[in-house]
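Asks: No sequence on hand, only this structure:
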């Protein structure tokens, strides 16, 4: 095999000695996107730690669930005894776009839960903040999406009397996900093998 044992980036003379090809203005916007992506990943990793503190028999969350028609996945879908929630972590910065996207995503998840009698509730959780829960709408009327400080997350989750999932529902959901994963994996095994 050609190139075996060679590092992926071994190309010859040192690139460090060549002058820059691109001006700051060319790279600025992309650099800002990299920063926001890293910051978002870190904040949502911190939120995952908080969600993992919930009782695992009564609550279940999935990360980065894709929603048809949206280019960004939902950071968290949380299922529990008081309802179904869509959550996104924030270090204190959110936009009307976030509010509109979370609200529309909640409606899309509602459509994937036929027979679920309550609304799916979207929220942006402000980590390190103590803001009391409040609903937010965009200037165009899109929403609602809750915004709340991290300190209010548990009280907010328990304030609803929705038709949530029981521990048996959570167990069934996990079993169906596992069974589907195994069945889909089998589809890639050639006929007559394994």
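Replies: Received, thanks. Everything numeric here is computed off the predicted structure, so don't read it as measured data.

Asks: now stretch 111-124: mean pLDDT?
Replies: For stretch 111-124, the mean pLDDT works out to 93.

Asks: Quick check on the residue nearest the centre of the chain: phi, psi?
Replies: A centroid search over the chain (C-alpha atoms, centre = their mean) returns residue 75, at 0.7 Å, as the residue closest to the centre. Torsion angles at residue 75 (phi, psi; degrees, to the nearest 10) stand at phi -60, psi -40.

Asks: any idea how far residue 98 is from it?
Replies: Distance, residue 75 to residue 98, by C-beta to C-beta, to the nearest Å: 10 Å. For glycine as for every other residue, the C-beta is placed from the backbone atoms N, C-alpha and C.

Asks: what do the two both touch?
Replies: Counting by C-beta atoms under 8 Å, 6 or more residues apart in numbering, the contacts common to residue 75 and residue 98 are residue 88.

Asks: residues in contact with the helix or strand of the chain with the lowest mean pLDDT?
Replies: Every helix and strand of the chain was ranked by mean pLDDT, DSSP states H and E. The lowest is helix 167-186, at a mean of 80. The contact list for helix 167-186 (C-beta under 8 Å, 6+ apart) reads 57, 58, 59, 60, 79, 80, 165, 194.

Asks: SS state for the fifth one?
Replies: In three-state terms, and counting by DSSP: H, G, I helix; E, B strand; the rest coil, residue 79 is strand.

Asks: rewinding a little: among the contacts of helix 167-186, who's most crowded?
Replies: Among the contacts of helix 167-186, residue 80 has the most neighbours (other C-beta atoms under 10 Å), with 24 neighbours.

Asks: Count the neighbours of residue 54 for me.
Replies: When neighbours are defined as other C-beta under 10 Å, residue 54 has 16 of them.

Asks: so it sits in a strand?
Replies: No. Counting by three-state DSSP, residue 54 is located in no strand; its state is coil.

Asks: How about it: what's its closest non-neighbour residue?
Replies: Nearest residue to residue 54, sequence neighbours excluded (C-beta to C-beta, 6 or more residues apart in numbering): residue 80, at 7.0 Å.
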